[in-house]
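Chemist: Kindly return the folded structure for what I paste below:
(2 chains)
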Number of protein chains: 2
Amino acid sequence: MIAATNIVWHDSAVSKQQRRDQAKHTSCIVWFTGLSGSGKSTLSVALEQYLFERNYRVYRLDGDNIRHGLNSDLGFSAADRTENIRRIGEVAKLLVDSGTIAMTAFISPYQADRDLVRAMVEPGEFIEVYVECSLATCEQRDTKGLYAKARAGTIPEFTGISAPYEAPIAPDITINTERQTVEPALAELVHQLQQRGVLRAA
Amino acid sequence: MIAATNIVWHDSAVSKQQRRDQAKHTSCIVWFTGLSGSGKSTLSVALEQYLFERNYRVYRLDGDNIRHGLNSDLGFSAADRTENIRRIGEVAKLLVDSGTIAMTAFISPYQADRDLVRAMVEPGEFIEVYVECSLATCEQRDTKGLYAKARAGTIPEFTGISAPYEAPIAPDITINTERQTVEPALAELVHQLQQRGVLRAA
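Modeler: The predicted structure follows:
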């Protein structure tokens, strides 16, 4: 046994506010939604880098770290998509509680599912970012070759082709990736997050 | 649209190592296991406070933030307990990836479930802490009155009474809470974590 000379015990958990104070910024969910190929992943990776370099605590949830891990038991039916988004929301909420800016980059096609996540957290903690790009342009880009497969019928229930995408009714932020490249899109997003007080002024 | 004068875009995600460098400590899962009433929660809360005050990034998963959130759809059958632990493991893994020391305080009665989480992460990233306390003492403490209810049969499948608890075969750390109070127990735990290089030397 080790002498407990410098150990003082507190019987209380660390609060979200204490964590935010330590991080020196607020925490929230920056929820990207948009069609496959709209630029959610690119934009969220760019924002993550930008914030990380400025000493923000930031973490991004995406298909790579969620679909192969936490949600590896889920498919792409409407019910599974809803459960997928619910769990992502719950994890993002834990990240917010830990003092981290959580970013999520999922198609998240249903308004009701996104609203469910918004309702999980406190007002102002959920920022819905609509990554706006026409289906025609997304299909033309077809960065992962998924639209071709969806058209050929080899991928069922593909959002925009054989499954619906519900554009946000009242997104907190809209970033159009059809009319601008990544760097101005990122600059616009950063500016909007500063306006909302999520990020410190430049 | 905002001028992109000071925005430079990197097309690469932030790595776990970059996050650890920023946090100035390594990240891992400190997985507490033990009977109800053994002191998992008390010890993990104490460790969280201790680390937070020393500027570690640390976050604790427990019944309060998991059972009512991410795992609100799960019950207490063997299958649901396994899924409960699997999801907690996946979330803890994400926290590790984010550069955070993740602590989990769940009975987690099955060796196989704990081994499953160990296998999710890299060698050395999973630290199994056995919070050792005899069933007799836990039942005597009965802080939440759960043992009384379990004996009365009003709580089914209660670990130690009507469901098994598999003590760790080879825990990384064992902390006995029967022979010592919280402060020396915490001191011993901190010392062991320092020995393993998880925490900076005092």
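Chemist: And the contacts of the worst-scoring helix or strand of chain A on mean pLDDT?
Modeler: Ranked by mean pLDDT, DSSP states H and E, the helix or strand of chain A with the weakest confidence is helix A:63-65, at a mean of 87. The contact list for helix A:63-65 (C-beta atoms under 8 Å, 6 or more residues apart in numbering or on different chains) reads A:105, A:106, B:94, B:97. Just so you know, the C-beta spots here come from the backbone N, C-alpha and C atoms, and that holds for glycine as well.
Chemist: Do a quick rundown of the strands in chain A.
Modeler: A:29-33, A:58-62, A:101-105, A:126-132, A:173-176 (DSSP state E).
Chemist: could I get these as a markdown table with mean neighbour count, mean pLDDT and distance to chain B?
Modeler: Shown next, in a markdown table, are those (neighbours: other C-beta atoms under 10 Å in any protein chain shown; pLDDT from 0 to 100; distance: least, C-beta to the nearest C-beta, whole Å):
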| stretch | mean neighbour count | mean pLDDT | distance to chain B |
| --- | --- | --- | --- |
| strand A:29-33 | 27 | 98 | 14 |
| strand A:58-62 | 23 | 96 | 4 |
| strand A:101-105 | 27 | 98 | 9 |
| strand A:126-132 | 23 | 98 | 13 |
| strand A:173-176 | 19 | 98 | 9 |
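Chemist: export those strands to JSON lines and tack on distance to residue B:81?
Modeler: As requested, those are exported to JSON lines (distance: least, C-beta to C-beta, whole Å):
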{"stretch": "strand A:29-33", "distance to residue B:81": "29"}
{"stretch": "strand A:58-62", "distance to residue B:81": "25"}
{"stretch": "strand A:101-105", "distance to residue B:81": "27"}
{"stretch": "strand A:126-132", "distance to residue B:81": "31"}
{"stretch": "strand A:173-176", "distance to residue B:81": "41"}
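Chemist: of all the ones you listed, which lies closest to residue B:177?
Modeler: Nearest to residue B:177 among those is strand A:58-62 (33.1 Å), distances taken as C-beta to C-beta.
Chemist: where in chain A is pLDDT low?
Modeler: A:1-11 (pLDDT under 70).
Chemist: redo that, cut-off 80
Modeler: Low-confidence segments of chain A, defined by pLDDT under 80: A:1-12, A:202.
Chemist: Can you tell me which residue sits nearest the middle of it?
Modeler: For chain A, the residue nearest the mean C-alpha position is residue A:104 (1.6 Å; C-alpha atoms, centre = their mean).
Chemist: In contact with that residue: list those residues for me.
Modeler: With contact set as C-beta under 8 Å, 6+ apart, residue A:104 has these partners: A:29, A:30, A:31, A:32, A:44, A:60, A:61, A:62, A:88, A:92.
Chemist: try it again with 6 Å
Modeler: Counting by C-beta atoms under 6 Å, 6 or more residues apart in numbering or on different chains, residue A:104 touches A:31, A:61, A:88, A:92.
Chemist: would JSON lines of the residues you listed with distance to residue B:16 be doable?
Modeler: Converted to JSON lines, the contacts of residue A:104 look like this (distance: C-beta to C-beta, whole Å):
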{"residue": "A:31", "distance to residue B:16": "23"}
{"residue": "A:61", "distance to residue B:16": "15"}
{"residue": "A:88", "distance to residue B:16": "20"}
{"residue": "A:92", "distance to residue B:16": "19"}
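Chemist: which one among those gets closest to residue B:117?
Modeler: Once C-beta to C-beta is applied, the member of these that ends up nearest residue B:117 is residue A:61, at 19.1 Å.
Chemist: Excluding residues flanking it in the chain, which one is nearest the closest one?
Modeler: Spatial nearest neighbour of residue A:61, excluding adjacent residues (C-beta to C-beta, 6 or more residues apart in numbering or on different chains): residue A:104 at 4.7 Å.
Chemist: what's around residue A:135, how many residues?
Modeler: Residue A:135: 16 surrounding residues under other C-beta atoms under 10 Å in any protein chain shown.
Chemist: what do you get for residue A:195?
Modeler: Neighbours of residue A:195 under the rule other C-beta under 10 Å: 11.
Chemist: ok, it to chain B distance?
Modeler: 10 Å (C-beta to the nearest C-beta, to the nearest Å).
Chemist: returning to that earlier point: which one of the strands of chain A lies closest to residue A:72?
Modeler: Using C-beta to C-beta, the strands of chain A put strand A:58-62 closest to residue A:72, at 14.1 Å.
Chemist: Parallel or antiparallel, list what pairs with the closest one.
Modeler: Take DSSP bridges as the rule and strand A:58-62 pairs in its sheet with strand A:101-105 (parallel).
Chemist: what is the orientation angle of the helix ranked longest in chain A with strand B:58-62?
Modeler: In chain A, taking DSSP state H as the definition, the longest helix is helix A:78-97. Here the directions of helix A:78-97 and strand B:58-62 differ by 130 degrees (axes from the mean of the first three to the mean of the last three C-alpha atoms, to 10 degrees).
Chemist: Give me the angle between helix A:78-97 and strand A:126-132.
Modeler: 120 degrees.
Chemist: Residues contacting helix A:78-97, please?
Modeler: With C-beta under 6 Å, 6+ apart as the test, helix A:78-97 has contacts from A:16, A:27, A:29, A:59, A:61, A:70-71, A:74, A:102, A:104, A:108, A:113, A:117, A:120-121, A:125, B:69-70, B:91.
Chemist: at 7 Å instead, please
Modeler: A:16, A:27-29, A:59, A:61, A:66, A:70-71, A:74, A:102, A:104, A:106, A:108, A:110, A:113, A:116-117, A:120-121, A:125, B:65, B:69-70, B:91, B:94 (C-beta atoms under 7 Å, 6 or more residues apart in numbering or on different chains).
Chemist: Alpha carbons of that helix, as CSV, please.
Modeler: Extracted in CSV, the C-alpha atoms of helix A:78-97 (Å, rounded to 0.1, in the frame of the first residue of the first chain):
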residue,chain,number,x,y,z
ALA,A,78,-35.1,2.9,-42.2
ALA,A,79,-35.1,1.5,-38.7
ASP,A,80,-31.4,0.8,-38.6
ARG,A,81,-30.6,4.3,-40.0
THR,A,82,-32.7,5.8,-37.2
GLU,A,83,-30.9,3.7,-34.6
ASN,A,84,-27.5,4.5,-36.3
ILE,A,85,-28.3,8.2,-35.9
ARG,A,86,-29.6,7.8,-32.4
ARG,A,87,-26.4,6.2,-31.2
ILE,A,88,-24.2,8.7,-33.0
GLY,A,89,-26.2,11.4,-31.3
GLU,A,90,-25.7,9.8,-27.9
VAL,A,91,-22.0,9.5,-28.4
ALA,A,92,-21.8,13.1,-29.6
LYS,A,93,-23.6,14.1,-26.5
LEU,A,94,-21.0,12.4,-24.3
LEU,A,95,-18.3,14.2,-26.2
VAL,A,96,-20.1,17.5,-25.6
ASP,A,97,-20.3,16.6,-21.9
